[in-house]
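Chemist: Here is a sequence with its predicted model. Questions after.
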Amino acid sequence: MKILLVDDEYELVSTLAERLSIRGIDADWATSGKDALAKLAETNYDLAVLDIKMPKLSGLELRKQIQTIQPNMRYIFMTGHGSAEDFFSASSEEGADAYLVKPVNIDDLITKIHESLARQALGASGPIEQ
Amino acid sequence: MSLFKALKPEFLNYSAAESGPFKSLFNFRQLWRSRIIILLCVALTPLICLAIFTFLVTKHDTEREIHLRTIRLASNAKRTISFFFEERQAALDFIVRSNSFDQINDNSQLTNILQSLKDSIGGFTDLGIIDATGRQLQYVGPYNLQDVNYSSEEWFKEVSVRNYYISDVYLGFREVPHLIIAVKHTLPNGLTYVLRATLETKRFNEIISNLNLSGTEDAFLLNKQGIIQTPSRSHGKITEKLTLPVPAYSERTEVLEMQDNNDRKIIGYAYIPETSFIFMLIEKKSELMRPWRSSQEIIIFFIVLAILVILAVIYRVATHLVNQVFLADLKRVQTLHEVEQSSKLASIGRLAAGVAHEINNPLAIINEKAGLIKDIFSYKEEYKHDLKIIGLIDSVLASVERCAIITKRLLGFARHLDVSIQMVDIRSVIEDVLGFLIKEAEYRSIAVNLDIEENIPQFETDRGKLQQILLNLVNNAFAAMQDNGHLDIKIRLLEEGFVSVSVKDDGSGIPEADLKRIFEPFFSTKTKTGGTGLGLSITYGLIQELNGKLNVVSKFGVGSEFTILLPLKNTRATKGKNK
């Protein structure tokens, strides 16, 4: 299992990746869409955790571009601008498995990652039931 | 007073200041007054002009009619009296011409003549023959006047000059009212004598009494010195001086008006030709005008009635029209306020969302950094059991979570400003609302008791509007309560397909007089402390938008309970989706 974390906040994304690594999840990180695409060109990832609001290339646009490169990848969105209700619209329209509001609880994130990957294993698509 | 209150237009209770400066286009009080004045002028001016015109014309016509009637009566009387004297004068003239002096100077012959006059014409008392020296040669009649000398009498001198004479009414030697007619005759031998007859005043008076006058009219004869000659009803006795001045001579019959004591009098008079008599017909103007006044009273009654009806109709119509404009203006101002309010809320929402987002990122970093520290400590044996350090980190993480909850609420409110109908859990809404106010409750020691029935399902409504409704109601309750108060929020599922939410406080309560007006826009008892009077008005409007109902029970000094009923199914069309 290999995941990619993308957020324009370096301090956040690097720490989060480290905390996931401590918990046995192999996580790479990138601080922009461009950086993420470069990493995706080199490595295959099972899941991407994307911040929605990023300069130049937003999380939603990045997802569309990634889909052309790695169509089977699963997605979890994070944002500092929203709450649980936004999950419905974001997940149904953009194909995300989960939607988390910053600050993210690490245990919640790990749960969502496992659920998403479980769905990938089953070949399902669409949002996870909340 | 209560009638005035009932008729008092609603807009008089409001002033432009209540709706804020420059928010009301019209001065309704002035508009109302000017409409009433304009309508009154338009409606009443022709009516009043017509009434005055009719009054003056009919008065003038009536006065003219009275003058004509008076002239007619006086003229008729003048003709009759003239004829009376002419007839008697002609009779005497005929006697002297048809009889020789010897015949007429014979007592028995003169007695026969007197008898003939009494029988044919009537009214003669006696006859006398007087020679040129003034001595009465013959006399037939009830008095002993034989040989009386009249040479020094005025009438004798006058008849000697003018050939005939009609006297005034006087008492004379006999002390009885009478008058005389004398005719001078010249014999072929040049000698002259005078035939003198005395007339009773009875026949004379009958002429005037036969005029068929009404009770207040008075007719009598006057001589040129103003001495009353015939009986008068109200102007004095015979031979007394009339109090009114003698009217000026005129050949024709005349009418004049004169003030006598407190009465305005109409006087018709006519000088009787060849005599010193003036026929006087005196009438009280007020009595003659009485029929006209009666008709005027009826007309005035109907005009006053018409004016009252017009006043009532104009008052009603003007009030209704201005009230419609007032209500439209009130609605406009209310909408303006609501737009302002929503605009303010939207601005606050956007600001809150911006702040929340900006805080969320650093919060996330703190969260991750603290989390990482905890992870490192948890995985290292030497710190794993250091409860103080772990406790400190947990405290940082707990504070981050608390901040996160606050920012989530702020974001939730901001986003719900334009949300439409969706499935809503009433528990989460009320908890969100209380989350904003719980600190105030703690500071003021207000006990908030939340009682939610277990089986309440999610239902269709507008979450944002419901939040605003509950926030307004709880805010109002807090404002009404003293510190250490009690707020009970009870949520129940009703069998009729409604959810009821009651917010009950033990605050100041609402006076009964104000209870009917609390949902009116701009009605506030807190204007001095910054209340706009729009909170409950907007709340009421929002509840209606959600197809809900709002009931209020309040007792002044005890507290208030606001209960809203919300339908489980909301059929109203949604405005749009939340993106």
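Modeler: Received it, and whenever you're ready, just let me know what you need. As the structure is a prediction and not an experimental result, all values here were calculated from the model.
Chemist: Could you pull out the helices in the stretch 51-200 of chain B for me?
Modeler: B:101-104, B:107-120, B:154-162 (DSSP state H, counting those that start in this stretch).
Chemist: Output the ones you listed as TSV; include the columns distance to chain A, mean pLDDT and mean neighbour count.
Modeler: Glycine gets a C-beta too; all of them are placed from N, C-alpha and C. TSV is the format used below for these (distance: least, C-beta to the nearest C-beta, whole Å; pLDDT from 0 to 100; neighbours: other C-beta atoms under 10 Å in any protein chain shown):
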stretch	distance to chain A	mean pLDDT	mean neighbour count
helix B:101-104	149	90	14
helix B:107-120	136	92	15
helix B:154-162	136	89	15
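Chemist: Could you export these to CSV, including columns for distance to residue B:282?
Modeler: Formatted as CSV, these follow (distance: least, C-beta to C-beta, whole Å):
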stretch, distance to residue B:282
helix B:101-104, 43
helix B:107-120, 34
helix B:154-162, 29
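Chemist: Show me the one of those that comes nearest residue B:142.
Modeler: Residue B:142 lies closest to helix B:107-120 among the helices of the stretch 51-200 of chain B, at 10.6 Å (C-beta to C-beta).
Chemist: so what secondary structure elements neighbour that closest one?
Modeler: Helices and strands touching helix B:107-120, as assessed by 3 or more C-beta pairs under 8 Å, 6 or more residues apart in numbering or on different chains; DSSP states H and E, comprise helix B:28-98, helix B:101-104, strand B:124-131, strand B:136-140.
Chemist: Most tightly packed of these?
Modeler: strand B:124-131 (a mean of 21; mean count of other C-beta atoms under 10 Å in any protein chain shown).
Chemist: State the mean pLDDT of that one.
Modeler: This predicted structure assigns strand B:124-131 an average pLDDT of 93.
Chemist: where in the stretch 301-450 of chain B is pLDDT low?
Modeler: For the stretch 301-450 of chain B, residues meeting the criterion pLDDT under 70 lie at B:341-346, B:349-350, B:409-420.
Chemist: What is the neighbour count of residue B:354?
Modeler: For residue B:354, the tally of surrounding residues (other C-beta atoms under 10 Å in any protein chain shown) stands at 13.
Chemist: Help me confirm that it is found in a helix?
Modeler: Yes - counting by DSSP: H, G, I helix; E, B strand; the rest coil, residue B:354 is located in a helix.
Chemist: what residues does the longest helix belonging to chain A touch?
Modeler: The longest helix of chain A (DSSP state H) is helix A:106-122. Residues outside helix A:106-122 that contact it (C-beta atoms under 8 Å, 6 or more residues apart in numbering or on different chains): A:1, A:3, A:16, A:19-20, A:23, A:25, A:46-47, A:49, A:72, A:74-76, A:97-98, A:100, A:125, A:128, B:368, B:371.
Chemist: Quick check: buried residues in it?
Modeler: A:106, A:109, A:112-113, A:115-117, A:119-120 (16 or more other C-beta atoms under 10 Å in any protein chain shown).
Chemist: closest to residue A:80 among these?
Modeler: The closest of the buried residues of helix A:106-122, once distances to residue A:80 are taken by C-beta to C-beta, is residue A:109, at 14.7 Å.
Chemist: right, and out of the buried residues of helix A:106-122, which lies closest to chain B?
Modeler: Ranked by distance to chain B (C-beta to the nearest C-beta), those are led by residue A:106 at 5.6 Å.
Chemist: so what pLDDT did the closest one get?
Modeler: 90.
Chemist: circling back: got CSV for the helices and strands packed on helix B:107-120, with distance to residue B:242 too?
Modeler: Formatted as CSV, the helices and strands packed on helix B:107-120 follow (distance: least, C-beta to C-beta, whole Å):
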stretch, distance to residue B:242
helix B:28-98, 16
helix B:101-104, 39
strand B:124-131, 26
strand B:136-140, 33
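Chemist: what's around residue B:292, how many residues?
Modeler: Residue B:292: 17 neighbours (other C-beta under 10 Å).
Chemist: Hmm, residue B:58 and it touching each other?
Modeler: Yes - checked against C-beta atoms under 8 Å, the pair residue B:292 and residue B:58 is within contact range at 6.4 Å.
Chemist: Quick check, central residue of chain A?
Modeler: residue A:49 (1.4 Å; C-alpha atoms, centre = their mean).
Chemist: Just the element for that residue, please.
Modeler: strand A:47-51 (DSSP states H and E).
Chemist: Just after the lowest-mean-pLDDT helix or strand in chain A, pick out the following helix or strand.
Modeler: Of all the helices and strands that make up chain A, helix A:86-94 has the lowest average by mean pLDDT, DSSP states H and E, namely a mean of 51. Per DSSP H and E, the first helix or strand lying C-terminal to helix A:86-94 is strand A:98-101.
Chemist: Give me the helices and strands touching that next one, please.
Modeler: So strand A:98-101, by 3+ C-beta pairs under 8 Å, 6+ apart, packs with strand A:74-79, helix A:86-94, helix A:106-122.
Chemist: Neighbouring strands - and their directions - for the shortest one?
Modeler: Listed by DSSP bridges, the sheet partners of strand A:74-79 and their directions read strand A:47-51 (parallel), strand A:98-101 (parallel).
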